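>>> got a structure for you, letters missing:
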């Protein structure tokens, strides 16, 4: 990471370049367990982002948890324009990677730092999955 | 990734767009996880309920189903996870015709691909149990963790799009739990209590699952005295996988890759985390509601085995459910058929319960049927189900099957220390 120009590098990425505003929490993530996908908000009461809209945001969360449904759900959400713009995780699991690949939703994981501690909600970033980098704008 | 000539041909579209899709999906995911090559699989277990698929997923399936037969047929034995609609029960559950229509379209597409509609998450108990060392593409967390841990087979969590890709290509990317180096233990748990029932086995799995820090963590469990039953390991593994997104555990002296502690850790054995009766009780208590109101009792996640169905029927023998509480028991079509034959279905439904076939509670539009039927407070003996349903607008509570049945008969939560 550069101090002047904040760039964070992950291990691998999927999808195309995007930019947008981040929504950050150190909580974990599963589309089935955590989201009201119809209304586009976090619906699990115990989740730190409970009640907040994720639509059009770059979601920054800790690890992928829960079941396998997310692999289908990301594309279904994108099809209705009710998806996040990208996912930045400390640790994805295969389900998140499979869902991102199927939905063409940008995903990067395994950063050199705890990505949930260095990005703040509301910051704008540029995501480059091919380079596995996130640049704060 | 290093690809064979056949794999390159599929990726180039020489065997049609369905197999090109399959190889694109496999190689994109494989590259993300650094897979060196592909591994052939012998069985695929496909999760694709209509709630998860949505219209986008069903449109995609129909686009594959419209291709010529030679291009669209799966290349290995492929079975399905529970569906979203039981056509015999959907009206009683107040599911909508739109849900049923989407389900019918998905089923027609799967059948056109040559997929066997087993509609079960307990395929390892009821269809074709995998064997030691067999490479699979299993697409339910519960079936994956059971296959890896209890049977010694090899699979990652293969979500629907990737399980379908594996079925079409006959292979998947070789990474993660296909590789011996990822199957060793990373965390140690010493259990000094024998869980008393399936709910407690699920609670134990939940406690360990909560301690997992990523998909790559593999817990090793010691202190389990007598060998658990298949149903006990089913509940334990399903909860562990649900709370932890973890596809494998070792149980020393029980699971095949853990004959002793030394076999499970490559280098240093970590300091054990102690788990006992108080920890299980605290996990169960964390779901205890403020009052005794009750709307629905659900036995599912995983679907019930024939033995569990028999137990439930015996608990309901000579009793009648309270009119204000619904009781649902979900099982596989094969087990439902056996229950019909053995009088178990009649016993459960005669007491006022519903036996559901080929579905699972959380995969059948749980939010919508909860709202349509006025169900908010739910009891179950499945820790996995309780974990999932909080996000679906329910107030779920974990209790033994006996407590769930007693409460459904009383019309309010009883016997669980509310």
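Happy to help now that I have it. Fair warning: this is a prediction, and the values are worked out from it, not measured in the lab. Numbering: from 1, shown residues only, chains lettered A, B, ... in the order given.

>>> Contacts only, for the closest residue to residue B:171 other than its chain neighbours.
Nearest non-adjacent residue to residue B:171, counting by Cβ to Cβ, 6 or more residues apart in numbering or on different chains: residue B:38, 4.3 Å away. Every C-beta, even on glycine, is put in place using the N, C-alpha and C of the backbone. Residue B:38 makes contacts with B:1, B:3, B:4, B:7, B:26, B:30, B:169, B:171, B:172, B:173, B:174, as judged by Cβ atoms under 8 Å, 6 or more residues apart in numbering or on different chains.

>>> among these, who's most crowded?
Ranked by neighbour count (other Cβ atoms under 10 Å in any protein chain shown), those have residue B:172 at the top, with 31 neighbours.

>>> Checking that residue next. Helix, strand or coil?
Of the three states, residue B:172 takes strand under DSSP: H, G, I helix; E, B strand; the rest coil.

>>> That one reaches residue B:164, doesn't it?
No. Here residue B:172 does not reach residue B:164: they are 10.9 Å apart, not a contact under Cβ atoms under 8 Å.

>>> ok, back up a step: now the contacts of residue B:38 as CSV including pLDDT?
Conversion of the contacts of residue B:38 to CSV gives the following (pLDDT from 0 to 100):
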residue, pLDDT
B:1, 97
B:3, 98
B:4, 98
B:7, 98
B:26, 98
B:30, 98
B:169, 98
B:171, 98
B:172, 98
B:173, 98
B:174, 98
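
>>> Name the residues linked to the residue nearest to residue B:171 by a beta bridge.
residue B:173 (DSSP bridges).

>>> and the gap between it and chain A?
Here the criterion is Cβ to the nearest Cβ, to the nearest Å. By it, residue B:38 lies 15 Å from chain A.

>>> Quick one, grab the pLDDT at that residue.
At residue B:38, the model reports a pLDDT of 98.

>>> Relative to the whole chain's centre, how far out is the longest strand along chain B?
Using DSSP state E, we find that the single longest strand of chain B is strand B:296-304. A distance of 11 Å separates the C-alpha centroid of strand B:296-304 from that of its chain, computed with Cα atoms, centre = their mean, to the nearest Å.

>>> count of residues packed around residue 113?
In the absence of a named chain, chain A is used. Using other Cβ under 10 Å: residue A:113 sits among 13 other residues.

>>> my question was about chain B
Residue B:113 has 20 neighbours, counted by other Cβ under 10 Å.

>>> Kindly report the same for the one 4 residues further on.
Using other Cβ under 10 Å, residue B:117 is surrounded by 14 other residues.

>>> show me the contacts for it.
Taking Cβ under 8 Å, 6+ apart, one finds B:80, B:83, B:107, B:110, B:111, B:358 in contact with residue B:117.

>>> any chance you could map the strands in chain A?
Ranges of strands in chain A, per DSSP E, are A:7-9, A:12-14, A:18-24, A:35-36, A:41-42, A:58-63, A:86-91, A:107-109, A:124-128, A:133-136.

>>> Next up, the contacts around residue B:410.
Here residue B:410 is in contact with residue B:322 (Cβ under 8 Å, 6+ apart).

>>> Tell me which of the strands of chain A is the most buried.
Comparing those by mean neighbour count (mean count of other Cβ atoms under 10 Å in any protein chain shown), strand A:107-109 comes out on top with a mean of 27.

>>> So what are the sheet partners of it and their directions?
Applying DSSP bridges, strand A:107-109 is found paired with strand A:12-14 (antiparallel), strand A:86-91 (parallel).

>>> Would you convert those strands into TSV that also reports distance to residue B:61 and mean pLDDT?
What follows is the strands paired with strand A:107-109, written out as TSV (distance: least, Cβ to Cβ, whole Å; pLDDT from 0 to 100):
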stretch	distance to residue B:61	mean pLDDT
strand A:12-14	22	96
strand A:86-91	24	97
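
>>> is it possible to export these to CSV including distance to residue B:333?
Formatted as CSV, the strands paired with strand A:107-109 follow (distance: least, Cβ to Cβ, whole Å):
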stretch, distance to residue B:333
strand A:12-14, 36
strand A:86-91, 36
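
>>> which regions of chain B lie under the pLDDT threshold?
B:416-418 (pLDDT under 70).

>>> which residue packs closest to residue 118, ignoring adjacent ones?
No chain in the question, so chain A it is. In space, and not counting its chain neighbours, residue A:118 is closest to residue A:8: 6.4 Å by Cβ to Cβ, 6+ apart.

>>> hmm, I had chain B in mind actually
residue B:79 (4.1 Å).

>>> what's the answer for residue A:30, then?
residue A:66 is the one closest to residue A:30 (Cβ to Cβ, 6+ apart), at 2.8 Å.

>>> Now do stretch B:84-92: everything it contacts.
Contacts with stretch B:84-92, where a contact means Cβ under 8 Å, 6+ apart, come from B:49-51, B:93, B:95, B:99-100, B:102-103, B:354, B:356-359, B:363-365.

>>> now with 10 Å?
By Cβ atoms under 10 Å, 6 or more residues apart in numbering or on different chains, the residues outside stretch B:84-92 that reach it are B:48-53, B:93, B:95-97, B:99-104, B:106-107, B:119, B:326, B:328, B:330, B:333, B:336, B:354-360, B:363-366, B:369, B:373.

>>> out of the residues you listed, which touch chain A?
B:48, B:49, B:50, B:51, B:52, B:53, B:363, B:366 (Cβ under 10 Å from any Cβ of the partner chain).

>>> which one of those residues has the most neighbours?
The most crowded member of those, judged by other Cβ under 10 Å, is residue B:48 (29 neighbours).

>>> Pick the one among the ones next to chain A among the contacts of stretch B:84-92 closest to chain A.
The closest of those to chain A turns out to be residue B:52 (Cβ to the nearest Cβ; 4.1 Å).

>>> would you list the ones next to chain A among the contacts of stretch B:84-92 in TSV and tack on secondary structure?
As requested, these are exported to TSV (three-state DSSP):
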residue	secondary structure
B:48	coil
B:49	coil
B:50	helix
B:51	helix
B:52	helix
B:53	helix
B:363	helix
B:366	helix
